[in-house]
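1. I'll drop the sequence and a predicted model, then ask my questions.
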Amino acid sequence: MEITFSQKLNRIKELCAVQGSTDPVAIAKTLMQDPLISIHGPEHHILDGAAFLTALHNAGVSFDFDAAFEELRQRGKKMPGAICGQWGICGSAASVGASLAILHNTGPLSDNDYYKDNLKLTSRILSRMAEIGGPRCCKRNAFLSLQTASDFVRENYDIPLESHEIKCGFFPKNEQCIGKRCPFSPKKEADI
């Protein structure tokens, strides 16, 4: 039986509801380990932002999580797969940026610091991704996005999201893994 995209998104929301962590990478790893989640794919255009929203909610940021998730779902579904290579923007960066925009209630006509902050965050994420290069890896890019977002909200809004050293456990499933070029590779350089 083929799993639909909608079923994957429902599962992401279901799993977010039972997370208690304020570490968005830990939350994302839990979501990514679910058998319904592919190694790469457009579900990350919602999953990554959902992990960020969940961590913020667990850290005490007050917002309607269900409404924020549904808005993120609608925005994320508009991004096609392979957006990183075809449009020059990673769906993970866009997902995390969309999450911050949802929390800030910003739109295209907003003229405030939140509008600027949303763009600053996504540009920082994309800059880190550009330093590493391709090929795409939805896991690596999620870790970069969420790590950068955690630092950003800690620095700019004093929101204490947890963070830990990140080691990828998904590389055996990724045929295009870049190995030692990946900052999250658990292998030592000599082992690769």
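-> Looks like it came in fine.
2. Tell me which residues are up against the helix or strand harbouring Ala67.
-> Assessed by DSSP states H and E, Ala67 sits inside helix 65-76. Contacts to helix 65-76, defined as C-beta atoms under 8 Å, 6 or more residues apart in numbering, come from residues 9, 13, 16, 42, 45-46, 49-50, 53-54, 57, 91, 94-95, 98-99, 102-103. No exception for glycine: its C-beta is placed from N, CA and C like everyone else's.
3. Could you pull up the residues touching Phe143?
-> So, once contact is read as C-beta under 8 Å, 6+ apart, Phe143 ends up touching Val25, Ala28, Ile166, Cys168, Phe184.
4. Give me the helices and strands touching the lowest-mean-pLDDT helix or strand in the chain, please.
-> Taking mean pLDDT, DSSP states H and E as the measure, the chain has helix 83-87 as its least confident helix or strand, at a mean of 85. When contacts are defined as 3 or more C-beta pairs under 8 Å, 6 or more residues apart in numbering; DSSP states H and E, helix 83-87 sits against helix 91-104.
5. List the buried residues of the helix it packs on.
-> 91-103 (16 or more other C-beta atoms under 10 Å).
6. I'd like to know which of those residues is nearest to Arg154.
-> Leu100 (13.3 Å; C-beta to C-beta).
7. what's the pLDDT at the closest one?
-> Note for Leu100: predicted pLDDT of 97.
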